[in-house]
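Enquirer: I need the structure of the sequence given here:
(one chain, ligands or ions: 1)
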Amino acid sequence: MIKDLIIKNRSYRRFYQDAAIEKQTLRDLVDLARLSASAGNMQSLKYILSCEPQKNADIFKHLRWAAYYKDWPGPIEGERPAGYIIILCDTSISTNYFCDHGIASQSILLGATEKGLGGCIFASIDKEGLRKTLNINDKFEILLAIALGKPKEKVVLEKVGPDGNIKYWRDESAVHHVPKRSLDEIIIEL
Ligand SMILES: Cc1cc2nc3c(=O)[nH]c(=O)nc-3n(C[C@H](O)[C@H](O)[C@H](O)COP(=O)(O)O)c2cc1C
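Expert: As a prediction, the model looks like this:
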């Protein structure tokens, strides 16, 4: 059921790094993005895949993890993603991608969840550093990175409390809690 899949599709930031992801798995996930909606059907998104340890390490150092966890620089060696999909806009096709990259990300992550994987979207990227490290041509605008792997953490959804705090938190057992607003709060009755 789509609701079960969406509930399971949380942002995971700790993984079994040894659980390798095949290149074909990443290609299958990008195929879901390829078949998704695109503004004006321009399909200007392009993708870089990574499932090799060295390339993964090169990408990892340019990502900024969990802004609300001030004292956590990101997953330790052994708990890092086993793969990445980097979403680019090919500006030779169009410089306007509307929200295609968000739709593509969700398609990729739902597909990953269905395969027993998990991931996290990154907009907070040292883009120039990543461009240099991977030698990405200037005609590609770097939009998002999706980290992927076999999740090694538990994520629990919570209700936003009366104080309105939406910050995720980790408890003493390292369980990650994510507050979500109620349906009544987000639907505006006119
Ligand atoms: C567009 C977008 C950009 C994001 N960028 C980052 C990021 O740079 N670093 C990070 O750790 N998480 C990032 N996230 C993950 C969010 O923090 C996460 O979606 C949020 O905490 C809610 O958790 P959930 O995905 O489990 O519902 C991003 C999510 C989205 C949709």
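Enquirer: Is residue 131 in a helix, a strand, or coil?
Expert: What DSSP: H, G, I helix; E, B strand; the rest coil gives for residue 131 is helix.
Enquirer: The nearest residue to it once chain neighbours are set aside: neighbouring residues, count only.
Expert: Taking CB to CB, 6 or more residues apart in numbering, and ignoring the residues beside it in sequence, residue 131 has residue 142 as its nearest neighbour in space, at 6.4 Å. Quick note: C-beta positions are derived from backbone N, CA and C, even for glycine. Neighbours of residue 142 under the rule other CB atoms under 10 Å: 19.
Enquirer: May I have the phi/psi pair for residue 142?
Expert: Main-chain torsions, residue 142, degrees, to the nearest 10: phi -80, psi 120.
Enquirer: so it bridges to which residues?
Expert: residue 88 (DSSP bridges).
Enquirer: confidence score at it?
Expert: Predicted confidence (pLDDT) for residue 142: 99.
Enquirer: my guess is it contacts residue 88, does it?
Expert: Yes. Counting by CB atoms under 8 Å, residue 142 touches residue 88, with 5.8 Å between them.
Enquirer: Contacts only, for the closest residue to residue 126 other than its chain neighbours.
Expert: Of all residues not flanking residue 126 in the chain, residue 62 sits nearest, at 4.3 Å (CB to CB, 6+ apart). By CB atoms under 8 Å, 6 or more residues apart in numbering, the contact list for residue 62 reads 125, 126, 127, 129, 130, 133.
Enquirer: Save those residues as CSV, and put in pLDDT, distance to the ligand and neighbour count too.
Expert: Formatted as CSV, the contacts of residue 62 follow (pLDDT from 0 to 100; distance: CB to the nearest ligand atom, whole Å; neighbours: other CB atoms under 10 Å):
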residue, pLDDT, distance to the ligand, neighbour count
125, 98, 7, 18
126, 98, 11, 14
127, 98, 11, 15
129, 98, 14, 12
130, 99, 12, 19
133, 98, 17, 15
